[in-house]
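Chemist: Got a predicted model here, sequence first, then my questions.
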Amino acid sequence: MTRVLHTADTHLGYRQYHSQARQADFLEAFRRVADDAIDSEVDAVVHAGDLFHDRRPGLPDLLGTLDVLETLAEASIPFLAVVGNHESKRSAQWLDLFEAMGLATRLGTEPIVLGDTAFYGLDFVPRARREDLEYEFDPHDVDHAALVSHGRFTPLVADYGNVEWDVEEVLDSASIEFDAVLLGDEHAPKTQEIAGTWVTYPGSTERASASEREERGYNLVEFDGDVRISRRGIETRPFVFVDLDLG
């Protein structure tokens, strides 16, 4: 059996409301996810993009991220990740730096095998470049396969102006069969079985907008014959929401 903690949209470095306290909250939420991963003795932490809020994170945010990743490494828990739209750069990614330091693995077309599960990655791709994607992945020889990606995939999220990805098209076009698709970008948790494959968003780990009222958290995903996905919440700063009817 392979057990992974699936998280995304940590948006480290986001100074919400121009508040240093809120900036620290986003790092603290990421740290709590890592602590839960260690306590649960998972086989890996899988991050589905938007680790950072900005493609130019500040030095304090980089140092804080390094500290969390080092904590995971000391516990022998791999950090597998893809690049999201917020943090994406034209050249090398911050994830490449963490990989060079031995603290992360950037997922791609080659399988990363943990136990009986092969993990693949698909970074966020702008819509203008998606027509050239061939979804070719190297074969594996284990029982399960999971694709990790970042974007707004229908039918889990609404198609506004035909700018989203169609997850069924990805599954049909992929050169291998996936048992699960672990996604990021949508800040609300969503899980749906599509054509025999479980597709899921864990939601964000902190409230990036006032519309995100539900509990923040992550997914625990287990591969053991079948795929089991359970959601766990994390404690974050309490918010008070006041609804006004303005005439």
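Modeler: Done, it's in.
Chemist: So, low pLDDT: which residues of this structure?
Modeler: Counting by pLDDT under 70, the chain has low-confidence residues at 160-163.
Chemist: So which residue is dead centre in it?
Modeler: The residue lying closest to the centre of the chain (Cα atoms, centre = their mean) is residue 48, at 2.1 Å.
Chemist: Need phi/psi at the residue nearest to it when sequence neighbours are not counted.
Modeler: Closest residue to residue 48 apart from its sequence neighbours, by Cβ to Cβ, 6 or more residues apart in numbering: residue 184 at 3.1 Å. The C-beta positions use only the backbone N, C-alpha and C, and glycine is treated the same way. Backbone torsions for residue 184, taken as degrees, to the nearest 10, come to phi -140, psi 170.
Chemist: can you check residue 113 too?
Modeler: Backbone phi and psi, for residue 113 under degrees, to the nearest 10, turn out to be phi -100, psi 130.
Chemist: going forward, begin numbering at 785 instead of 1
Modeler: With the count now opening at 785, the last piece we talked about shows up as residue 897.
Chemist: Identify the bridge partners of it.
Modeler: Assessed by DSSP bridges, residue 897 has beta-bridge partners residue 902.
Chemist: Next up, the contacts around it.
Modeler: Shown in contact with residue 897 (Cβ atoms under 8 Å, 6 or more residues apart in numbering): 903, 924, 926.
Chemist: Mark which of those are buried, thanks.
Modeler: 903, 924 (16 or more other Cβ atoms under 10 Å).
Chemist: quick one on the thing from earlier: the residue nearest to residue 832 is in contact with residue 868, isn't it?
Modeler: Yes: Residue 968 is in contact with residue 868 according to Cβ atoms under 8 Å; the separation is 5.9 Å.
Chemist: Between these two, which contacts overlap?
Modeler: What both residue 968 and residue 868 touch, as defined by Cβ under 8 Å, 6+ apart, is the set 792, 793, 832, 833, 834, 934.
Chemist: distance of the third one from residue 1030?
Modeler: As for residue 832, its distance to residue 1030 is 38 Å (criterion: Cβ to Cβ, to the nearest Å).
Chemist: hmm, back to that, next one: phi and psi at the residue nearest to the centre of the chain?
Modeler: phi -100, psi 40.
Chemist: I'd guessed it sits against residue 790; true?
Modeler: Yes: assessed by Cβ under 8 Å, residue 832 is found in contact with residue 790 at 6.8 Å.
Chemist: Please enumerate the helices of this structure.
Modeler: Counting by DSSP state H, one finds helices in the chain at the ranges 804-824, 843-858, 878-884, 951-957.
Chemist: Many thanks, I have nothing further to ask.
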